[in-house]
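Colleague: Mind folding the following:
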Amino acid sequence: MSNSASTSKRPKADGVSASAAKLRLLKRLRCTLNFEKRAWAGGAEHIAGVDEVGRGSLFGPVVAGAVILDPAHRIRGLRDSKLLPAERREELALLIRRHSIAWAVAAVDSARIDQINIYQASRLAMLHAVQQLVPAASYLLVDAVRLDCDLPQQPIIHGDALSASIAAAPQPARPAGLSSSPSSSLMKANASCGTGFCHTGANDWRCNGLGPCSRSAAR
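Modeller: Predicted structure coming up:
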C-alpha cells in the first residue's frame, strides 16, 4: 500500500482519520453557481465543469467528464458525489444528460496510465472530455488542476463541493443503470460473472460491495 493510502487511514490525535476529517469539511461546503455567475458576468458563454471519475480505482481506465450546464434549467441537488446516495447520483446523471447544453466523457486506458502516471492520465482524460464538447466550451472550471489548453480556466480546490458545474461533470460517465464509477462497475461485473475479484473469504468483493478487502489491496 502506498504511503498516501496508509496516511489517509491513519487516526489523527483526536481520533478522527484524515478521510473522515475531509468528509466533514466537504459536508460544510456549499455547492453553488457562484463561480459560473462570475464567469458569465465576465462574458463567458459556455462554461464547462470538468472532473475525473474515481481517480483512485485499482484497475481499468481513468475516466473524466465535462458538462456545460444550461443556465435556463437549474438542476437541483448537485454536490460532491461522495456525499450523495447511489440512487440520487443515478437520478442526477439522467437529468444532466437530458438537460445540459453539452456533456462528454473520455477515458485513458491502463497502459497509458502506466506510462505517464495516474495524475497526468487524469488530466489527459479531462482534456479529452473538454475537446469532445459540442458546442465547444469557452471557459473551464476544473477540480483542483489546470489543463494543458489555451482556454481560460479556473482550478478550484474542492471544486466538486463548491461548483455545480464541476459536481455535474462526473455524473454522465456513470454507466446507465449503475450508480458507481466505470471502474467500480467493472469490478462488480467481474465478481458477478463468477471470476471473482478478491478471493479472501467473507471479505471478498461480492460480500462487501465496496471493492477489494484490505488484504487484497495490500498485495
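Colleague: Setting aside sequence neighbours, what's the nearest residue to residue 35?
Modeller: The shortest distance from residue 35 to any non-neighbouring residue, by Cβ to Cβ, 6 or more residues apart in numbering, is to residue 163 (4.8 Å). In short, each C-beta sits where N, CA and C put it, glycine included.
Colleague: could you dump stretch 23-33 to CSV, C-alpha only?
Modeller: Included here for stretch 23-33 are C-alpha records, laid out as CSV according to Å, rounded to 0.1, in the frame of the first residue of the first chain:
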residue,chain,number,x,y,z
LEU,A,23,-15.6,14.3,4.6
ARG,A,24,-16.7,16.6,7.4
LEU,A,25,-15.2,19.5,5.5
LEU,A,26,-17.0,18.6,2.3
LYS,A,27,-20.3,18.5,4.1
ARG,A,28,-19.8,22.1,5.3
LEU,A,29,-19.1,23.5,1.9
ARG,A,30,-22.0,24.8,-0.3
CYS,A,31,-22.2,23.8,-3.9
THR,A,32,-23.5,26.8,-5.9
LEU,A,33,-23.4,28.6,-9.2
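Colleague: How many residues are close by the residue nearest to residue 35?
Modeller: Counted with other Cβ atoms under 10 Å, the neighbours of residue 163 add up to 27.
Colleague: Local confidence estimate at it?
Modeller: At residue 163, the model reports a pLDDT of 98.
Colleague: what sits against it?
Modeller: Contact partners of residue 163, counting by Cβ atoms under 8 Å, 6 or more residues apart in numbering, are 31, 32, 33, 34, 35, 36, 49, 141, 156.
Colleague: Buried ones only from those, please, as a ChimeraX command.
Modeller: Selecting only the buried entries of these in ChimeraX, with 16 or more other Cβ atoms under 10 Å as the criterion:
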select :31,33,35,36,49,141,156
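Colleague: Dump the contacts of residue 163 into a markdown table; add pLDDT as well.
Modeller: Putting those into a markdown table (pLDDT from 0 to 100) gives the following:
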| residue | pLDDT |
| --- | --- |
| 31 | 96 |
| 32 | 97 |
| 33 | 97 |
| 34 | 98 |
| 35 | 98 |
| 36 | 98 |
| 49 | 98 |
| 141 | 98 |
| 156 | 98 |
